[in-house]
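Novice: One predicted model, sequence on top.
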Amino acid sequence: EIDQGNDGDDQNVPSITMEILPLLKLATLDVFGLMALGENIGGCASLEPSPIAQAFEYLSDEMTRRMHSKNPFNTFYFIPTRSNLRHKKERQVLCDVLQRVVQSRRAEVSSANSTSSSNDLLSHLLHAVETQRQIDPTTGD
């Protein structure tokens with residue numbers, strides 16, 4: 001939003017007003033994606049929420065709403081209400097992405113030449129598990 005600024009010294013210089021909280025959420029999710037999963041979620045590049053960001057946002061808001069609700073039926077996710085169906089859809093978006101990323105990293109880590117240059121938390125955890133599996137429990141080698 002461009003404002004013809006009446007709050008500065010020079011009243012002829014336009015100023016830009018914008019909401020920073022949505023941008024901070026996009027940046028936070030991008031950092032999480034890169035550090036934890038090695039995936040660029042792309043929110044900062046497009047300045048628009050990706051399907052992953054929208055799913056996180058909805059699920060977070062929905063969890064908060066359900067926690068503060070006095071309706072006992074809010075804990076039953078199997079009832080086909082509008083919010084439960086949306087919850088299922090957004091949850092599936094996240095599960096699909098996470099499953100794809102985990103499978104990809106597992107393939108990288110377990111490959112014979114294991115020269116993966118991934119430096120994210122998931123890759124390190126999977127590498128540690130793979131290393132632990134290769135150690136003979138009787139000898140420690």
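Specialist: Sure, I can see it. Residues are numbered from 1 along each chain as shown.

Novice: Which SSE is immediately downstream of the lengthiest helix in the chain?
Specialist: In the chain, with assignment by DSSP state H, the single longest helix is helix 82-110. Using DSSP states H and E, the next helix or strand after helix 82-110 towards the C-terminus is helix 121-134.

Novice: how about that next one: buried residues?
Specialist: Of the residues in helix 121-134, 122-123, 126-127 count as buried by neighbour count, 16 or more other Cβ atoms under 10 Å. (Glycine included, C-beta is placed from N, CA and C.)

Novice: Report all helices and strands that the longest helix of the chain contacts.
Specialist: When contacts are defined as 3 or more Cβ pairs under 8 Å, 6 or more residues apart in numbering; DSSP states H and E, helix 82-110 packs onto helix 51-68, helix 121-134.

Novice: average pLDDT across that helix?
Specialist: Mean per-residue pLDDT for helix 82-110: 92.

Novice: go on, stretch 43-52?
Specialist: Mean predicted confidence for stretch 43-52 is 90.

Novice: and the longest helix of the chain with helix 121-134, angle?
Specialist: Orientation note: helix 82-110 sits at an angle of 50 degrees relative to helix 121-134 (axes from the mean of the first three to the mean of the last three Cα atoms, to 10 degrees).

Novice: Point me to the helix or strand that includes the residue positioned nearest the centre of the chain.
Specialist: Nearest to the geometric centre of the chain sits Leu29, at 5.1 Å (Cα atoms, centre = their mean). Secondary structure assignment for Leu29, by DSSP H and E: helix 21-32.

Novice: Hmm, Gly43 and the residue nearest to the centre of the chain touching each other?
Specialist: Yes - judged on Cβ atoms under 8 Å, Leu29 makes contact with Gly43 at a distance of 5.6 Å.

Novice: Between those two, which contacts overlap?
Specialist: Counting by Cβ atoms under 8 Å, 6 or more residues apart in numbering, the contacts common to Leu29 and Gly43 are Ala53.
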